[in-house]
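Participant: A structural model of the following input is requested.
(chains A, B, C and D)
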Number of protein chains: 2
Amino acid sequence: MSSRSQAIADILTRAILDHRLVPGCKLGERELSEIFDVSRIVIRQSLIRLADDGLAQIERNRGAFVARPSMQDAMEIYDALTLVEQGVAAQLSDRLGPAGWAELRQHVERQRQAVASGNDALADVLGQEFHTVFVRLSRNKVMQEIHAQLVRRTTLLRSLITADFDYCNLLDDHARVIELLEKGRLKQAMELIDAHHRSVVRGYIMDRQVFPELTPREALEPYLDTKAGEAPQPAPRKKTGDNGKARAHAHDHAAK
Amino acid sequence: MSSRSQAIADILTRAILDHRLVPGCKLGERELSEIFDVSRIVIRQSLIRLADDGLAQIERNRGAFVARPSMQDAMEIYDALTLVEQGVAAQLSDRLGPAGWAELRQHVERQRQAVASGNDALADVLGQEFHTVFVRLSRNKVMQEIHAQLVRRTTLLRSLITADFDYCNLLDDHARVIELLEKGRLKQAMELIDAHHRSVVRGYIMDRQVFPELTPREALEPYLDTKAGEAPQPAPRKKTGDNGKARAHAHDHAAK
DNA sequence: AACCACAGGATTGGATATCAATCAATAAGA
DNA sequence: TCTTATTGATTGATATCCAATCCTGTGGTT
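Facilitator: Residues are numbered from 1 along each chain as shown, chains lettered A, B, ... in the order given. Just a heads-up that it's a prediction; the model follows:
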């Protein structure tokens, strides 16, 4: 392990991405230091890392809070994500070998099986991972890190929306992007990527404030015991505005 | 100002970008804490920020060093920069209004005047700034920050090269990119951006190690007095392998 | 002389206690 | 009721201390 503050930053990041720590939530140094049983200094360093990553916001003499991106921020993040993925798509359409295309198709197939077998949680994860795999094939670690950061911020954004949308028509986007790219129809693939992200962000309805429901202590409890071992995957917090239709298509959302 | 550690991180960043702190240079906590007259903890926080930005590298129990990117890193950074700038170019070719084009042309014109009047230092700065202005016109703060980070890392890379190249044929790239974009010849503009960055990184000859020449204390001295006021622009360190030809075209390099 | 092992020093990572500055919220007063 | 002052809580930062680790230099061995 690199350092305690990095480990704690990772845990906080996971908790935020799992929507257990919601935007606006106060991240008090004393409270966190008691939860993790470390000194305040280590917590400060963790919070600095989170702030650099855009997941937390530090206000002088007021403390750190889980970032509360604005609607403007959301659009900019999705714009940047679109730009990056379009660029990667352009690179891959030139450079990617058969093994790469096979890996992508295999990933989509696994996700499709997960959806078919009703394993929504797995489908969620695979859907998220697709983008990561996609960018990894560019073999550019710098680009990967930039993209990963943007993905983290989009995941944070999902804490801020109440209404989900109908994503049925976008279920097979991954497969279609692969297909278009492999056929050399780069422009269409890029337009598809753009259209998809655009429709996602257009569907966003952001709340002025989200209600925590979980104290930081409760939110972080599941991550604690693992000193340096396996990471148990605690179930993400259930969505509050849980209307049936939205829930029915939730995996489509995370699935891209 | 936000915090002491941020201010110090900014100073360290500037010193690195000015090539006063060269890659591989040890950034000892005790030494820096004495230089800046703050506690070691503040320095640690600053170093974490630098590491998150890719300008420093922290090795456990060994300390922090100015990052020493590999040739592979250099290519990846330039690839990412190309990707970003191409993407922004695509956006601007659609969305940018006349005022934007005018601002770009005006910037190029100012740089041209600086070159004509032999003010190489100013030409350098303007040449760097062009990219920043270019990306700023996308009106996307997220993208701006990503781009700025990449630019910082390319500036760091320049500490690692000894041989400069002949950039005469690329002097007017900025103007030509603008021209092509405004005419809607997006593809050609993107190819020009790519070709330019490619030729830059191909010309890189990286040294295994760079010799510091300046102790951290000497390197940081010019930045110190300014508690919170104006930032004096200390002259960048003269290049060591200073052969006439390289020097003669140095401004072309920084000018892009 | 070359090489390995061990001890010591130096440095980092972190804990604790303490202090000043600032913000927030309550309590006092007009 | 509105304004102001005090109090409490939290952050920013310092100093000191301790443990773990790395580096080095010495000394013994071959």
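
Participant: just the buried residues of stretch A:51-59, please?
Facilitator: When burial is assessed from 16 or more other CB atoms under 10 Å in any protein chain shown, stretch A:51-59 yields the following buried residues: A:51-58. (C-beta placed from N, C-alpha, C; glycine too.)

Participant: stretch A:71-91 too?
Facilitator: Neighbour counts using 16+ other CB under 10 Å place A:73-91 of stretch A:71-91 among the buried residues.

Participant: check those residues against chain B, which are close?
Facilitator: When these are filtered against chain B using CB under 8 Å from any CB of the partner chain, the residues retained are A:73, A:76-77, A:79-80, A:83-84, A:86-88, A:90-91.

Participant: surely A:Leu50 meets A:Ile11?
Facilitator: No - contact between A:Leu50 and A:Ile11 fails when scored by CB atoms under 8 Å: they sit 10.5 Å apart.

Participant: pick out whichever of these two has more residues nearby.
Facilitator: When A:Leu50 and A:Ile11 are compared on other CB atoms under 10 Å in any protein chain shown, the one with more neighbours turns out to be A:Leu50, at 23 against 19.

Participant: my guess is A:Gly184 contacts A:Ser93, does it?
Facilitator: Yes - counting by CB under 8 Å, A:Gly184 sits close enough to A:Ser93 to count as a contact (6.4 Å).

Participant: more neighbours, these two?
Facilitator: The neighbour count for A:Gly184 versus A:Ser93, taken as other CB under 10 Å, is higher for A:Ser93 (18 against 11).

Participant: after the helix or strand where the more buried one lies, next one along is what?
Facilitator: Secondary structure assigned from DSSP states H and E places A:Ser93 in helix A:71-95. Scanning forward in sequence from helix A:71-95, with DSSP H and E defining helices and strands, the next element found is helix A:98-116.

Participant: buried ones in that following helix?
Facilitator: Going by 16+ other CB under 10 Å, helix A:98-116 has these buried residues: A:100-101, A:104, A:107-108, A:111-112, A:114-115.

Participant: how about stretch A:117-125?
Facilitator: Of the residues in stretch A:117-125, those scored as buried under the neighbour-count criterion (16+ other CB under 10 Å) are A:120, A:122-125.

Participant: and the strand or helix carrying A:Val142, does that touch chain B?
Facilitator: Element membership for A:Val142, per DSSP H and E: helix A:141-157. Yes - contact of helix A:141-157 with chain B is found when judged by CB under 8 Å from any CB, involving A:141-143, A:146, A:150, A:153.

Participant: so what secondary structure elements neighbour that helix?
Facilitator: On a contact count with 3 or more CB pairs under 8 Å, 6 or more residues apart in numbering or on different chains; DSSP states H and E, helix A:141-157 meets helix A:4-17, helix A:71-95, helix A:120-136, helix B:71-95, helix B:141-157.

Participant: can I get it in PDB? Just the C-alpha atoms.
Facilitator: Extracted as PDB, the C-alpha positions of helix A:141-157 are listed here (Å, rounded to 0.1, in the frame of the first residue of the first chain):
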ATOM      1  CA  LYS A 141      -2.100   5.600 -19.500                       C
ATOM      2  CA  VAL A 142      -2.400   9.400 -19.400                       C
ATOM      3  CA  MET A 143      -5.600   9.200 -21.400                       C
ATOM      4  CA  GLN A 144      -6.900   6.400 -19.200                       C
ATOM      5  CA  GLU A 145      -6.400   8.400 -16.100                       C
ATOM      6  CA  ILE A 146      -8.100  11.500 -17.500                       C
ATOM      7  CA  HIS A 147     -11.000   9.300 -18.700                       C
ATOM      8  CA  ALA A 148     -11.300   7.500 -15.400                       C
ATOM      9  CA  GLN A 149     -11.500  10.800 -13.600                       C
ATOM     10  CA  LEU A 150     -14.300  12.000 -15.900                       C
ATOM     11  CA  VAL A 151     -16.100   8.700 -15.300                       C
ATOM     12  CA  ARG A 152     -15.900   9.100 -11.600                       C
ATOM     13  CA  ARG A 153     -17.400  12.600 -11.900                       C
ATOM     14  CA  THR A 154     -20.200  11.300 -14.000                       C
ATOM     15  CA  THR A 155     -20.900   8.700 -11.400                       C
ATOM     16  CA  LEU A 156     -21.000  11.400  -8.800                       C
ATOM     17  CA  LEU A 157     -23.500  13.300 -11.000                       C
END
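
Participant: hmm, back to that, give me the subset of the buried residues of stretch A:51-59 touching chain B.
Facilitator: Counting by CB under 8 Å from any CB, A:52-53, A:58 from the buried residues of stretch A:51-59 sit close to chain B.

Participant: now tabulate those in CSV and tack on distance to DNA strand C and pLDDT.
Facilitator: Conversion of these to CSV gives the following (distance: CB to the nearest atom of the strand, whole Å; pLDDT from 0 to 100):
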residue, distance to DNA strand C, pLDDT
A:Asp52, 16, 94
A:Asp53, 18, 95
A:Ile58, 13, 94
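
Participant: need those in JSON lines with distance to DNA strand D and secondary structure, can you?
Facilitator: JSON lines is the format used below for these (distance: CB to the nearest atom of the strand, whole Å; DSSP: H, G, I helix; E, B strand; the rest coil):
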{"residue": "A:Asp52", "distance to DNA strand D": "14", "secondary structure": "helix"}
{"residue": "A:Asp53", "distance to DNA strand D": "17", "secondary structure": "coil"}
{"residue": "A:Ile58", "distance to DNA strand D": "6", "secondary structure": "strand"}
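
Participant: of the residues you listed, closest to chain B?
Facilitator: Of all these, A:Asp52 has the smallest distance to chain B: 4.2 Å, by CB to the nearest CB.

Participant: name the nearest residue to the closest one, sequence neighbours excluded.
Facilitator: Setting aside the residues directly before and after it, A:Asp52 is nearest to B:Asp52 in space (CB to CB, 6 or more residues apart in numbering or on different chains), at 4.2 Å.

Participant: so which strand or helix has the nearest residue to A:Leu12 once chain neighbours are set aside?
Facilitator: If the residues on either side of it in the chain are set aside, A:Leu12 comes closest to A:Leu50, at 5.8 Å by CB to CB, 6+ apart. Following DSSP H and E, one finds A:Leu50 within helix A:40-52.

Participant: by contact count, what packs against that helix?
Facilitator: In terms of contacts (3+ CB pairs under 8 Å, 6+ apart), helix A:40-52 is packed against helix A:4-17, helix A:29-36, strand A:56-59, strand A:63-66, helix B:40-52.

Participant: what does that helix contact?
Facilitator: For helix A:40-52, contacts defined as CB atoms under 8 Å, 6 or more residues apart in numbering or on different chains pick out A:3-6, A:8-9, A:12-13, A:16, A:27, A:29-30, A:32-33, A:36, A:56-58, A:64, B:5, B:41, B:44-45, B:48-49, B:52-53.

Participant: narrow these to those that are buried.
Facilitator: With neighbours counted using 16+ other CB under 10 Å, those contain these buried positions: A:3-6, A:8-9, A:12-13, A:16, A:27, A:29, A:32-33, A:36, A:56-58, A:64, B:5, B:44-45, B:48-49, B:52-53.

Participant: coming back round to it: mind putting the residues of helix A:141-157 next to chain B in a markdown table, pLDDT and distance to DNA strand D included?
Facilitator: Shown next, in a markdown table, are the residues of helix A:141-157 next to chain B (pLDDT from 0 to 100; distance: CB to the nearest atom of the strand, whole Å):
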| residue | pLDDT | distance to DNA strand D |
| --- | --- | --- |
| A:Lys141 | 97 | 24 |
| A:Val142 | 98 | 27 |
| A:Met143 | 98 | 31 |
| A:Ile146 | 98 | 27 |
| A:Leu150 | 98 | 26 |
| A:Arg153 | 96 | 22 |
